[in-house]
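Chemist: Okay, predicted coordinates and the sequence, questions at the end:
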Amino acid sequence: MMVEADSAHTIPLLETRQLECVRDDRLLFSDLSFTLTEGEILQIEGANGSGKTSLLRILCGLRLADAGQVLWRGEEVSVVREDYYANMIYIGHLPCIKGDLTTLENIRALLDTRSQLAPLDEIEQVLALVGLAGFDDVTSKALSSGQRRRILLAFLLLAKARLWILDEPLTALDVEGVALVETMLLEHRLAGGSAIFTTHHGMQLPCAMSTVTLGRAGNQPC
Amino acid sequence: MLKAFSHLLARDLRLAFRSRHELANPLIFFVLVVSLFPLAVAPSAELLQVMAPGVIWVSALLSVLLSLDRLFKQDYEDGSLDQLMLSPNPLVILVLAKVCAHWLLTGLPLVLVAPLLGMFLYVPDEAIGVLMLSLLLGTPVLSLVGAIGVSLTVAVNRGGVLLSLIVLPLYIPVLIFGANAVDVASDGLSVRGQLLFLGAVLALALSLAPLATAVALRITASR
């Protein structure tokens, strides 16, 4: 019994085994193995072109690794896709925001693809939290790029996923926005959630944080 | 799952109605091309009547082809396509919703305006119904098959020519049977065979094209 409970406990939320990524005949990284447990926040570091975005896209199953595996709770991601995607949110470089839709419609559309509903007052609460109070009926093309990023932050909070995969979450955000993302990550961690993110900015999180650095061995022609 | 389908369909329709100029493009193209023919060829009733089924069908086909880009291009460029692919719902269902929206916005208006253009080209009254029916069965196939082509070429810059090369050969059976149905109906003969064939092609496309599109989208995203 003890052994069973113990082994169940040690299965990490997300695990990679010997990942390798080749792009345009360049080896970005190889033999990359790391684990992410519940409540862990992991930062991916690396210079421009070291494969941070490629790694994140591999982690969420959008891109195929040239070698290696990504495991969600011990099972291959492509096998448990439905469960994985119900518990994971990926926010990439691209805004995923439709200029012709209002803030509220954009958030609803993003939640709809995940079959998640949120009552209006909850959405308004979260919008106030991310600094978009009063913008719910404004079409998004009238918003600044920082404000559009904030719509995604609101989506992130409303979707309540266990794992966040964020590619450069601080892009286009002002000082307050950066502080907001930091608090969001902290609170997410305190609630038992996990996150993986990349960033160029030196982000100061008062919580223990693991780091994976790309590009030390890589970037050589193969 | 059904909800995900209807929500995405509603989103696409809403987006289309927010940019109406784009919405009218395929329809205007269709009407313009068809109405150029009597100007370029002699406007004699016999000649136009012979050409009408082919002219209307080719114009409808090109009109759908030109609008195909809209299917995934915007979603690809703004990253929404990634979110669709990361949805816990089956991608096939979401693809089907997008194709449905595309047909409602391009194919259906063509079907509705076709009788007018048919009369314009002296299509006999008894063949007008068949013209509409053949387009009603044929245009969804054009959207469904086109989706496969778009999903393969959406990441290619200026993939328009490539898209035509992939999609046009697959459009040919629909074109032949669609135009032939109207032709035969103008002669007052039974068109059961042609319409049944179009129906069968639609059933085939409806069941297989979304699967192929979903796989093609995953391949596109993985580069």
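Modeler: Yep, that arrived. Numbers count the residues shown, from 1 in each chain, chains lettered A, B, ... in the order given.

Chemist: just the helices in the chain please.
Modeler: In the absence of a named chain, this looks at chain A. A:2-10, A:52-59, A:81-87, A:103-113, A:120-129, A:145-159, A:175-190 (DSSP state H).

Chemist: wrong one, chain B
Modeler: So, for chain B - with DSSP H - the helices run B:2-18, B:20-40, B:45-67, B:73-78, B:80-85, B:91-102, B:108-120, B:125-153, B:160-186, B:192-221.

Chemist: and A:Glu76, which of these is closest to it?
Modeler: Nearest to A:Glu76, of all these, is helix B:192-221, at 15.4 Å by Cβ to Cβ. All C-beta spots, glycine's among them, are computed from the backbone N, C-alpha and C.

Chemist: roughly how far is that closest one from the heart of the chain?
Modeler: Relative to the chain's own centre, helix B:192-221 is displaced by 12 Å; criterion: Cα atoms, centre = their mean, to the nearest Å.

Chemist: Look up how far B:Ala185 lies from B:Ala127.
Modeler: B:Ala127 sits 4 Å away from B:Ala185, going by Cβ to Cβ, to the nearest Å.

Chemist: Alongside chain B, which residues does chain A contribute?
Modeler: A:57, A:60-64, A:82-83, A:85-86, A:88-90, A:92-98, A:100-101, A:105, A:109-110, A:112-115 (Cβ under 8 Å from any Cβ of the partner chain).

Chemist: Which among the residues you listed count as buried?
Modeler: Among the residues of chain A next to chain B, those classed as buried by 16 or more other Cβ atoms under 10 Å in any protein chain shown are A:57, A:60-63, A:85-86, A:88-90, A:92, A:95-98, A:100-101, A:105, A:109-110, A:112-114.

Chemist: contacting residues for the closest residue to chain A within chain B?
Modeler: Here chain B gets closest to chain A at one residue, B:Gly79, 2.7 Å apart by Cβ to the nearest Cβ. B:Gly79 makes contacts with A:Gly92, A:His93, A:Leu94, A:Pro95, A:Cys96, as judged by Cβ atoms under 8 Å, 6 or more residues apart in numbering or on different chains.

Chemist: for the residues you listed, which one is nearest A:Gly134?
Modeler: Minimum distance to A:Gly134 across those is 20.5 Å, recorded for A:Pro95 (Cβ to Cβ).

Chemist: what's the nearest residue to that closest one if we skip its chain neighbours?
Modeler: A:Arg148 (5.1 Å; Cβ to Cβ, 6 or more residues apart in numbering or on different chains).

Chemist: would you list the contacts of B:Gly79 in a markdown table and tack on pLDDT?
Modeler: A markdown table is the format used below for these (pLDDT from 0 to 100):
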| residue | pLDDT |
| --- | --- |
| A:Gly92 | 90 |
| A:His93 | 86 |
| A:Leu94 | 88 |
| A:Pro95 | 85 |
| A:Cys96 | 89 |
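
Chemist: May I ask which two of those are separated the most?
Modeler: Top of the distance list for these (Cβ to Cβ): A:His93 and A:Cys96, 10.0 Å.

Chemist: Against A:Thr53, how distant is the residue of chain B most remote from its centre?
Modeler: Within chain B, B:Ser44 marks the point farthest from the mean C-alpha position, 29.8 Å out by Cα atoms, centre = their mean. From B:Ser44 across to A:Thr53, the span is 62 Å (Cβ to Cβ).

Chemist: Then A:Arg63?
Modeler: From A:Arg63 over to A:Thr53 (counting by Cβ to Cβ), the distance is 9 Å.

Chemist: if we can go back for a sec, give me the subset of the contacts of B:Gly79 that lies in strands.
Modeler: Judged by DSSP state E, the contacts of B:Gly79 include no members of strands.

Chemist: show me where pLDDT drops low in chain A?
Modeler: For chain A, the stretches flagged by pLDDT under 70 are A:1-9, A:201-208, A:216-222.

Chemist: need the contact list for the residue in chain A that chain B sits nearest to.
Modeler: Proximity of chain A to chain B (Cβ to the nearest Cβ) peaks at A:Leu94, 2.7 Å away. Contact analysis of A:Leu94 by Cβ under 8 Å, 6+ apart lists B:Glu77, B:Asp78, B:Gly79, B:Asp82.

Chemist: Verify the stated contact: A:Asp174 with A:Gln147.
Modeler: No - counting by Cβ atoms under 8 Å, A:Asp174 does not reach A:Gln147; the two are 10.1 Å apart.

Chemist: More neighbours: these two, which one.
Modeler: A:Gln147 (20 against 13; other Cβ atoms under 10 Å in any protein chain shown).

Chemist: which ones are touching the more buried one?
Modeler: A:Gln147 makes contacts with A:Leu132, A:Phe135, as judged by Cβ under 8 Å, 6+ apart.

Chemist: before we move on, back to that, the residue nearest to A:Pro95 reaches A:Lys141, doesn't it?
Modeler: No - counting by Cβ under 8 Å, A:Lys141 is not a contact partner of A:Arg148; they are 9.3 Å apart.

Chemist: More neighbours: the two, which one.
Modeler: Higher neighbour count among A:Arg148 and A:Lys141: A:Arg148, with 19 against 11, using other Cβ under 10 Å.

Chemist: What separation do you get for the more buried one and A:Ile97?
Modeler: Using Cβ to Cβ, A:Arg148 is found at 5 Å from A:Ile97.

Chemist: anything in contact with each of these two?
Modeler: Contact with both A:Arg148 and A:Ile97 is made by residues A:Ser140, according to Cβ under 8 Å, 6+ apart.

Chemist: Need phi/psi at residue 79.
Modeler: With no chain named, the answer covers chain A. Here is the backbone geometry of A:Val79 (degrees, to the nearest 10): phi -80, psi -40.

Chemist: you looked at the wrong chain, it should be chain B
Modeler: Note on B:Gly79: its backbone torsions stand at phi 90, psi 0 [degrees, to the nearest 10].

Chemist: And it, how close does it get to A:Leu94?
Modeler: B:Gly79 is 3 Å from A:Leu94, by Cβ to Cβ.

Chemist: same question, A:Gln147
Modeler: 16 Å.

Chemist: Same question for A:Thr37.
Modeler: Applying Cβ to Cβ, the value for A:Thr37 to A:Leu94 is 29 Å.

Chemist: Over stretch B:94-109, what's the mean pLDDT, rounded is fine.
Modeler: When pLDDT is averaged over stretch B:94-109, the result is 96.

Chemist: what does stretch B:204-223 give?
Modeler: In the prediction, stretch B:204-223 has an average pLDDT of 93.

Chemist: Residues in contact with that stretch: which ones?
Modeler: Residues contacting stretch B:204-223 (Cβ under 8 Å, 6+ apart): A:57, A:62-64, B:72, B:76, B:81-82, B:85, B:90-93, B:95-96, B:99, B:140-141, B:144-145, B:147-148, B:151-152, B:154-155.

Chemist: try it again with 6 Å
Modeler: A:62-64, B:85, B:91-92, B:95-96, B:141, B:144-145, B:147-148, B:151-152, B:154-155 (Cβ atoms under 6 Å, 6 or more residues apart in numbering or on different chains).
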